[in-house]
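> Quick check, what structure comes out for this input:
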Amino acid sequence: MPAVSKGDGMRGLAVFISDIRNCKSKEAEIKRINKELANIRSKFKGDKALDGYSKKKYVCKLLFIFLLGHDIDFGHMEAVNLLSSNKYTEKQIGYLFISVLVNSNSELIRLINNAIKNDLSSRNPTFMCLALHCIANVGSREMAEAFASEIPRILVAGDTMDSVKQSAALCLLRLYKTSPDLVLMGEWTSRVVHLLNDQHMGVVTAAISLITCLSQKNPDEFKTCVSLAVSRLSRIVSSASTDLQDYTYYFVPAPWLSCKLLRLLQCYPPPEDGAVKGRLVECLETILNKAQEPPKSKKVQHSNAKNAILFEAISLIIHYDSEPNLLVRACNQLGQFLQHRETNLRYLALESMCTLASSEFSHEAVKTHIETVINALKTERDVSVRQRAADLLYAMCDRSNAKQIVAEMLSYLETADYSIREEMVLKVAILAEKYAIDYSWYVDTILNLIRIAGDYVSEEVWYRVIQIVINRDDVQGYAAKTVFEALQAPACHENMVKVGGYILGEFGNLIAGDPRSSPLVQFNLLHSKFHLCSVPTRALLLSAYIKFINLFPETKATIQEVLRCDSQIRNSDVELQQRAVEYLKLSSIASTDVLATVLEEMPPFPERESSILAKLKKKKGPGAVSVTDLEDNKREGGELNGGGDRGPDTSAMAASNASTPSPSADLLGIRSAAPIGAAPTSAGSLLVDVFSEAGPAAPSAAVNDDGFLSSAPPSEDPAAPLSEADDLLNKFVCKNNGVLFENQLLQIGIKSEYRQNLGRMYLFYGNKTSVPFASFSTTVSCPGELQSQLNVQSKPVEPVVEGGAQIQQVLNIECLTDFSEAPLLNIKFRYGGALQNLTLKLPVTINKFFQPTEMASNDFFQRWKQLSQPQQEAQKIFKANHGMDTEVLKAKLLGLGMALLDNVDPNPENYVCAGVIQTKGQQVGCLLRLEPNAQAQMYRLTLRCSKDSVSRRLCELLAEQF
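Modelled structure (predicted):
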């Protein structure tokens, strides 16, 4: 690149940039920019004899203004004129301006193309490079049409300089990616491939990027590149670092080129030519040997470059899957990395070994590292490494180690991260089914799975265990006995109730001989869980009850009494009501023979591929697909008897497909229909984006210009606020973000911010079940006097909340005057046909509108004395409700919204704060003094405000916080 002369420093540009940086405010910056734009515009319009230097300087200023975020609507023609200059610096600025500001639809594109053609046809390599860079930066279809045929000629021409060839190769790659139909290599193919033999390593590195991209789309046209790539790789691998001195990186010869060559070879099968294949094997063995050598440098750059080549070589070995010796050596090398102190290396080693486990040559070698992998699963700090360890255990599992691996994965499930639990459950279920020789072990494993991670056991898993039990006569009695014992646990997951209801309804007679599991005991055990279950599970249990009448006639009267009660035949859910009525009538009028025919034992399921494996393949979790794709290459296995995708939703046992809600169901949205965002940060919250800068969710029908509904007066028949509403409100006095409410079905989170007398609150409603909430609506109301004290506007919400999904509502809040009550939030929706109606208090308290005020000691006590009237002071002495930790106290006082003043009170143990409450009508000054007594575990809280009602309200709120 030509040297820039001293006169090209553009002092005017430097002064302008300095002026911008010295601006004290945004307004000053805009004023300075507008002044400069007016000056530039007048220069361009008025002075027709503007020299190249001035044009360059003004175009540079326009470019800088654009980069600051301001629109530029002139100067384009002057930039195009700079392209015709013979000075490098002027031409460079012209091309830079065009690359950044000119779009493909510009009317100037034809002029720009003509200037580029002139530079490409010139023999000046610097100008040619500038033109090629511009084409690549713009990369439009118009430029591809204009230059796609010209650039290959420049690339392969014998008299083209090396720097130009590099730019041409990368420019052609860019055009091929944007417009592949216009870049036709044709006659240039063989000459482009032979660039791999170029003497200049930079040309080879640029060309191989182009060839790799072309080979992926047209492998047959470029297959001659394999032998050339092997030859070039052999020369690099066998060379010493001094041979390629200009391209050696921390004692590693040409690491980037080596990686690209190895990646190119992965586009093709193993070479058919014996000599080429032998040379490639020799290269790979050399790379593996070098990995064993002591490092030539202790710097991380050396090890990174060396390991990058090694992992690409191992990827090529795995891709070929034809050299047993290399596969085993690669596995052993990766095994050494499993205990490396570098986390990234351990991760990559586990990931590569997952693929090696699918090869018949290296599977046994991978299995030798099972203890190391299990240890990684238990001890790794990084969740992504633990997940790769779980993937590897799944990949290396066969009949010889299935029980050990399944036991370890079950053990890990108890403490596994919530983000990967569902995937782990699916893997355990697949392995237990695939390698089960003893079917009682399979039943035990699945029931343990439900016990440990019931919330993550999908319908496919418990459907599958029922299919297998029905199809295997030898396991039915054991399954009935085991599930009966599992149901006796005090805390029993609903999925366990589903499995128990189905199996006991079908095979309860097999254990009825034991007095401890007599028919009535079985029925009472199942019915004790009935009131805790969701509608679909209750429907399944009703079907189990009618099965009991067929299996055990002695239970008929007891079961009919249950079916006859009002809670069944008058149930608000249509499905439950219909089943209760029909089953009651069936048991009353049908003869024993008819009953036995209608309620006969389920027939065996047809044998099909397990639906669990299909679910795991569809799952989008990290690494899930890549591991499950290895199933086709497994050496052992086979399906158990039974299969099929239909669940046990047949005949009288027809249970609804809806999933079960539970207090902690799918909190991280693993089955969520909501868009995937940032990775979840806590196990206990569905509201994964509560703390992000989220905007309004889904706009609905608007009432005012902004789409907000004004707060309504309380409805005629509102639900009373929950008994714990005040406690929930108190949790948010000193904080703005968190989970406001949570029950078995719904989770509500809040994120809010306040400035002066205005506030904005985001409400997040999370459906914790798999069943959609219908007719979902929310109403914000201000009871009584609050209507004149607080103005709350809300955005409407979507009427349906899908299972596992989350919706967002935005509230705008304006404080008109001081207030003491809180606005009410009423939420109504239908779940399973039943209306859910609850009312909460929104955590909008008077302290949210504080503006902190810094004061010196003298000012504080002077103001304190001024607020000396009895009605202006509120004081309370109370016992500490929480520990008297200094940092916690400071955090709560800061969260209150006031300024915490240091070195003001003569007693350093005391805390004093000052702030002003901003309302639309007035400002209320407030001073606070908190005096803790650590020995007596007591506080004295004193508040003095310019308005007495504010003093009393703040004193009430704060007494609950300490």
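
> Assign a three-state SS to Ala874, would you?
Secondary structure for Ala874, judged by DSSP: H, G, I helix; E, B strand; the rest coil, is strand.

> ok, it - how many residues close by?
Other residues near Ala874 number 21, with proximity taken as other Cβ atoms under 10 Å. C-betas here are computed from N, CA, C, even on glycine.

> next one: Pro269
Residues near Pro269, counting by other Cβ under 10 Å, number 12.

> can you map out the helices along the stretch 201-350 of the chain?
201-217, 225-238, 255-265, 274-292, 300-320, 324-337, 343-356 (DSSP state H, counting those that start in this stretch).

> Let me have these in a markdown table, extended by mean neighbour count and mean pLDDT.
Shown next, in a markdown table, are these (neighbours: other Cβ atoms under 10 Å; pLDDT from 0 to 100):
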| stretch | mean neighbour count | mean pLDDT |
| --- | --- | --- |
| helix 201-217 | 21 | 90 |
| helix 225-238 | 21 | 90 |
| helix 255-265 | 22 | 92 |
| helix 274-292 | 16 | 90 |
| helix 300-320 | 20 | 90 |
| helix 324-337 | 20 | 88 |
| helix 343-356 | 22 | 90 |
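
> Flag the shaky bits of this structure, pLDDT-wise.
Across the chain, the ranges flagged by pLDDT under 70 are 1-9, 47-48, 104-106, 240-243, 607-718.

> Show me what stretch 593-601 is in contact with.
If you take Cβ atoms under 8 Å, 6 or more residues apart in numbering as the criterion, stretch 593-601 is touched by 506, 546-547, 549-550, 586-587, 590, 651-652.

> 7 Å - rerun?
Outside stretch 593-601, the residues within contact range by Cβ atoms under 7 Å, 6 or more residues apart in numbering are 506, 546-547, 550, 590, 652.

> what about Gly513, how many neighbours?
Considering only other Cβ under 10 Å, Gly513 is surrounded by 8 other residues.

> where does it fall, phi/psi-wise?
The phi and psi values for Gly513, taken as degrees, to the nearest 10, are phi -70, psi -30.

> again with Glu187
Here is the backbone geometry of Glu187 (degrees, to the nearest 10): phi -70, psi -20.

> Distance check, it against Arg153.
Using Cβ to Cβ, to the nearest Å, we find Glu187 at a distance of 10 Å from Arg153.

> So which of the two has more stuff around it?
Shown here are Glu187 and Arg153; by other Cβ under 10 Å, Arg153 has more neighbours (13 against 9).

> dump the residue contacts of the more buried one.
Counting by Cβ under 7 Å, 6+ apart, Arg153 has no contacts.

> Secondary structure of it: a helix, I assume?
Yes: under three-state DSSP, Arg153 falls within a helix.

> Now do it against Pro180, distance only.
19 Å.

> cool, and Glu364?
Glu364 is 44 Å from Pro180, by Cβ to Cβ.

> just to revisit the earlier point, please tabulate the helices of the stretch 201-350 of the chain in CSV, including the columns distance to Lys91.
Shown next, in CSV, are the helices of the stretch 201-350 of the chain (distance: least, Cβ to Cβ, whole Å):
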stretch, distance to Lys91
helix 201-217, 23
helix 225-238, 35
helix 255-265, 30
helix 274-292, 44
helix 300-320, 36
helix 324-337, 50
helix 343-356, 44
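
> can you tell me which of those helices comes nearest to Leu740?
The closest of the helices of the stretch 201-350 of the chain to Leu740 is helix 343-356. By Cβ to Cβ, the value is 37.5 Å.

> domain ranges for the chain?
Using the TED database, the domain parsing of the chain gives 9-101, 436-599, 723-844, 847-961.

> so can I have a markdown table of those domains showing distance to Val300?
A markdown table is the format used below for the domains of the chain (distance: least, Cβ to Cβ, whole Å):
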| stretch | distance to Val300 |
| --- | --- |
| domain 9-101 | 34 |
| domain 436-599 | 39 |
| domain 723-844 | 39 |
| domain 847-961 | 38 |
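
> Please identify the nearest residue in space to Gln266, excluding sequence neighbours.
Counting by Cβ to Cβ, 6 or more residues apart in numbering, Gln266 lies nearest to His319, which is 4.8 Å off, once chain neighbours are set aside.

> For Ser419, see how far away Val801 is.
Counting by Cβ to Cβ, the gap from Val801 to Ser419 is 22 Å.

> who's more crowded, those two?
Taking neighbours as other Cβ under 10 Å, Val801 and Ser419 compare with Val801 leading, 24 against 17.

> For the more buried one, which residues count as its bridge partners?
Phe773 (DSSP bridges).

> ok so, going back, so which of the contacts of stretch 593-601 is the most crowded?
Neighbour-wise, the contacts of stretch 593-601 (other Cβ under 10 Å) top out at Lys547, 27 neighbours.

> State the next helix or strand along the chain beyond the helix or strand where it lies.
Per DSSP states H and E, Lys547 falls inside helix 535-551. Counting by DSSP H and E, the next helix or strand C-terminal to helix 535-551 is helix 556-564.

> same for that next one, what does it pack against?
Helices and strands touching helix 556-564, by 3 or more Cβ pairs under 7 Å, 6 or more residues apart in numbering; DSSP states H and E, are helix 519-527, helix 535-551, helix 574-589.

> quick one: it to helix 574-589, angle?
Angle of helix 556-564 versus helix 574-589, following axes from the mean of the first three to the mean of the last three Cα atoms, to 10 degrees, is 150 degrees.
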